[in-house]
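A.B. asks: With the input below, show me the fold.
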Amino acid sequence: LDLQADKLIMRLLSSILLSLLVALSSPHPQHGSRQVQQEEFCKGWPAFVADEITEFHDLPLSWSLNTTIPAWLKGSLVKNGPARKKFEDDRRYSTYLDSWGKLHKFTFNGESVTFSGRMIETTNYNKSVKAGHMVPTIALAKILPNDWNLFEVAQGVVNGYDNTNVMLWKLGPAVKEEGIYIATTDYPYVHEMDPDTLAVKHKWGLNQLTDGMSLGSCSHWRREIGTDNSLNFHMMISGIHEDFVLYRFGSTWQEREVVGKFRLPHQTIVHMFSNTPHYAVVAIYPVAMDFFAMANHNMHPFETIKKLDKPASFYLIRLRDGVVIDGFESEDPALVFGTHHMNAWEEGDEVVLDLACNPWDAMASYQDIDTMLEHEDTGADKANWVMKRVKLHMKTKAVVVEDWPNMLDVPMLNTVDFPVINNEYTGYKNRYTYGWVSIDYCKQYLVKKDLEDSLNDKTWGKPNHYSGEVFFVPRPDGESEDDGVVMVIVFDGELEQSYLLMLDGQTFEEINHSYLPHTVPFAFHGNWFPELQ
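C.D. replies: Got it, this is the predicted structure:
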């Protein structure tokens, strides 16, 4: 009993210390001065989202601390994300999501770690480089200071959209010589990439004659559990309607088949889905992007986003035969929109999923560059999004929405996005997740969440240090779910320099860090490729 009491006291003290840490690292500008806020609490923030287009390859890195890097860590972490928002003219994109993508690769082989970076040199990107100015394309949001004129809109329709700036994925097995590496986005095209040179090899899309016309796809490809297959969807035009069509891909773009499909209840935005051993899990939110209205908005889809007076709907597609199980609906306000699925699994007659739930206009508003650079300190103690657990009962069609546990009662601990897990638990119930918290943009923390005992929740953060999505690499033959390392690229706003940070997956304490010779702007998603050594 005494030991249990001591343990409880220690956890309570940990809770108090964590709350103090959050409070002390939160900004307190004097006299409401935005200038004071920027100088004291957002140092280097503009440099974190500035352009960085330098190409470099296999630069050796050195670690800052006298600690050993795990010898088992062999492979490459590849991150994808925006890196160029303007060219030589005075025009620029208004949303960070339109900035042209760049790949950054960190290759581990024992004590050797090298660093490479290269812009994703698509056809449209190369046109702008060659012309010395921004060549018209379809852009998600308006161009500043002067949007496309009618002639340029027509040019943009011809050039289309080919900015695959969200993620790198591998079709096929974890064998370098088999399959292909693809840079992805939610637009229905991908680019095959050379994993060594990071050069664009080929652009792939569906065949409009045989497959039909796709209006959108998904950046977040899924590995079909127990196989080397990949799953993804396309939103296909079907007369005056749209169909959600799930595909299964083999080792190449050509090796694909339709798993199943259903008629969408309305136009919508779906950024991600999840999968269990038997089902693909799809959330359809009451938020629409009206593609047919784009012509009235200079072909900018973000200007057509609207909230609908409808419930959120969930669909299960059975992977073995494509049977669709529908009828799941919820009016819960948290489910108005979601960006990322953490995981999904099966429990008896239920399918359970954890979702990062966001404001309905998050895709358009959060990445607005002027908002990112001119934001005000609101004094908030949590982010504008929240994680929710959703339970779908397959017999009754009931939808139950639950909060994550938060026994430490620290508000930000459940407001993570970019949630990642040990991928060996994909499709099965996991205990731990790692995520990113962004409060008023420049107050950022990393979180390790224990979903079975939230008194064990842990955080990492420093004032004026800006990060993003982490990636967990499990130790081969590890004995526990969190036995591995967490890697993340962080930007030191004081020095205006990026560094690669490595944390212990169990203790969430720093193992080591390495300052980089080139800045890595705020990136989106990454993957670990053990075959790239």
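A.B. asks: Strands of the stretch 251-400 of the chain, residue ranges please.
C.D. replies: 256-263, 274-275, 279-284, 287-289, 305-307, 312-318, 324-330, 338-347, 350-357, 386-393, 399-403 (DSSP state E, counting those that start in this stretch).
A.B. asks: Return the member of these having the minimum mean pLDDT.
C.D. replies: Of all the strands of the stretch 251-400 of the chain, mean pLDDT reaches its minimum on strand 287-289 (a mean of 92).
A.B. asks: circling back to that earlier point, closest to Thr459 out of the strands of the stretch 251-400 of the chain?
C.D. replies: Nearest to Thr459 among the strands of the stretch 251-400 of the chain is strand 386-393; the distance by Cβ to Cβ comes to 14.8 Å. Where C-beta positions appear, they are placed from N, C-alpha and C, glycine not excepted.
A.B. asks: Phi first, then psi, for the residue nearest to Met363 when sequence neighbours are not counted.
C.D. replies: Of all residues not flanking Met363 in the chain, Ile269 sits nearest, at 6.3 Å (Cβ to Cβ, 6 or more residues apart in numbering). Dihedral angles of Ile269 (phi, psi; degrees, to the nearest 10) stand at phi -120, psi 120.
A.B. asks: still on that earlier bit, let's have the strands of the stretch 251-400 of the chain in TSV, adding distance to Gly110 and mean neighbour count.
C.D. replies: Listed next are these as TSV, based on distance: least, Cβ to Cβ, whole Å; neighbours: other Cβ atoms under 10 Å:
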stretch	distance to Gly110	mean neighbour count
strand 256-263	38	16
strand 274-275	34	24
strand 279-284	39	24
strand 287-289	47	22
strand 305-307	48	15
strand 312-318	43	22
strand 324-330	48	17
strand 338-347	32	21
strand 350-357	36	23
strand 386-393	37	20
strand 399-403	44	14
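A.B. asks: Reformat those strands as JSON lines; add distance to Gly435.
C.D. replies: What follows is those, written out as JSON lines (distance: least, Cβ to Cβ, whole Å):
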{"stretch": "strand 256-263", "distance to Gly435": "29"}
{"stretch": "strand 274-275", "distance to Gly435": "15"}
{"stretch": "strand 279-284", "distance to Gly435": "18"}
{"stretch": "strand 287-289", "distance to Gly435": "22"}
{"stretch": "strand 305-307", "distance to Gly435": "25"}
{"stretch": "strand 312-318", "distance to Gly435": "22"}
{"stretch": "strand 324-330", "distance to Gly435": "23"}
{"stretch": "strand 338-347", "distance to Gly435": "8"}
{"stretch": "strand 350-357", "distance to Gly435": "8"}
{"stretch": "strand 386-393", "distance to Gly435": "8"}
{"stretch": "strand 399-403", "distance to Gly435": "15"}
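A.B. asks: Stretch 82-94 spans what distance, first to last residue?
C.D. replies: 13 Å (Cα to Cα, to the nearest Å).
A.B. asks: swap that for stretch 409-421, please
C.D. replies: By Cα to Cα, one end of stretch 409-421 lies 23 Å from the other end.
A.B. asks: buried sites along that stretch?
C.D. replies: Val410, Pro411, Met412, Leu413, Asn414, Thr415, Val416, Asp417, Phe418, Pro419, Val420, Ile421 (16 or more other Cβ atoms under 10 Å).
A.B. asks: now that stretch, how far from the centre of its chain.
C.D. replies: Here stretch 409-421 shows a centroid-to-chain-centroid distance of 14 Å under the convention Cα atoms, centre = their mean, to the nearest Å.
A.B. asks: In contact with the spatially closest residue to Glu255 that is not a sequence neighbour: list those residues for me.
C.D. replies: In space, and not counting its chain neighbours, Glu255 is closest to Phe249: 6.3 Å by Cβ to Cβ, 6+ apart. Applying Cβ atoms under 8 Å, 6 or more residues apart in numbering to Phe249 gives the contacts Leu171, Asn229, Ser230, Leu231, Asn232, Glu255, Arg256.
A.B. asks: go on, Arg431?
C.D. replies: With Cβ under 8 Å, 6+ apart, Arg431 has these contacts: Asp450, Leu451, Glu452, Glu481, Asp482.
A.B. asks: again with Ile421
C.D. replies: Contacts of Ile421 (Cβ under 8 Å, 6+ apart): Met342, Asn343, Asn430, Tyr432, Thr433, Tyr434, Phe472.
A.B. asks: Identify, from those residues, the entry nearest to His297.
C.D. replies: When those are compared against His297 (criterion: Cβ to Cβ), the nearest one is Met342, at 33.2 Å.
A.B. asks: pretty sure that closest one is touching Pro419, no?
C.D. replies: Yes - assessed by Cβ atoms under 8 Å, Met342 is found in contact with Pro419 at 3.9 Å.
A.B. asks: hey, what's in contact with both of those two?
C.D. replies: Shared contacts of Met342 and Pro419, defined by Cβ under 8 Å, 6+ apart, are found at Asp354, Ala356, Met387, Thr433.
A.B. asks: doesn't Val386 make contact with the first one?
C.D. replies: No - Asp354 sits out of contact with Val386 when judged by Cβ under 8 Å, with a separation of 11.2 Å.
A.B. asks: And the helices in the protein, which stretches?
C.D. replies: For the chain, the helices defined by DSSP state H occupy 2-25, 34-41, 45-48, 123-131, 150-159, 362-365, 369-374.
A.B. asks: Could you identify which of the ones you listed has the lowest mean pLDDT?
C.D. replies: helix 2-25 (a mean of 44).
A.B. asks: My understanding was that Leu355 contacts Gly338; is that so?
C.D. replies: Yes - using Cβ under 8 Å, Leu355 is in contact with Gly338, at 4.4 Å.
A.B. asks: So for these two, which residues contact both of them?
C.D. replies: Ala283.
A.B. asks: before we move on, the earlier item: among the strands of the stretch 251-400 of the chain, which comes closest to Leu516?
C.D. replies: Here strand 338-347 is closest among those (Cβ to Cβ), at 26.0 Å.
A.B. asks: check contacts around Ile269.
C.D. replies: Taking Cβ under 8 Å, 6+ apart as the test, what Ile269 contacts is Tyr285, Val287, Ala288, Met289, Ile305, Phe337, Met363.
A.B. asks: Please name the spatially closest residue to the first one (chain neighbours excluded).
C.D. replies: With Cβ to Cβ, 6+ apart as the criterion, Tyr285 has its nearest non-adjacent residue at 4.7 Å, and that residue is Phe337.
A.B. asks: Most neighbours of all the contacts of Ile421, which one?
C.D. replies: Tyr434 (27 neighbours; other Cβ atoms under 10 Å).
A.B. asks: check contacts around that residue.
C.D. replies: Contacts of Tyr434 by Cβ under 8 Å, 6+ apart are Pro419, Val420, Ile421, Leu446, Val447, Lys448, Lys449, Val470, Phe472, Val486, Gly505.
A.B. asks: So which of the residues you listed are in strands?
C.D. replies: Among the contacts of Tyr434, the members falling in strands (DSSP state E) are Pro419, Val420, Leu446, Val447, Lys448, Lys449, Phe472, Val486.
A.B. asks: For Thr210, grab the count of nearby residues.
C.D. replies: Neighbours of Thr210 (other Cβ under 10 Å): 6.
A.B. asks: got it, and Ala364?
C.D. replies: The burial count for Ala364: 20, using other Cβ under 10 Å.
A.B. asks: so who does it touch?
C.D. replies: Contacts of Ala364 (Cβ under 8 Å, 6+ apart): Thr95, Leu140, Ala141, Phe302, Glu303, Ile305.
A.B. asks: Phe115 too?
C.D. replies: Applying Cβ under 8 Å, 6+ apart, the residues near Phe115 are 56, 58-61, 104-107, 500, 516-518.
A.B. asks: can those go into TSV with extra columns for distance to Pro70 and neighbour count?
C.D. replies: Shown next, in TSV, are the contacts of Phe115 (distance: Cβ to Cβ, whole Å; neighbours: other Cβ atoms under 10 Å):
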residue	distance to Pro70	neighbour count
Phe56	26	12
Asp58	21	11
Leu59	21	13
Pro60	18	10
Leu61	15	17
His104	21	26
Lys105	19	22
Phe106	14	23
Thr107	15	21
Leu500	14	21
Leu516	20	20
Pro517	23	13
His518	25	15
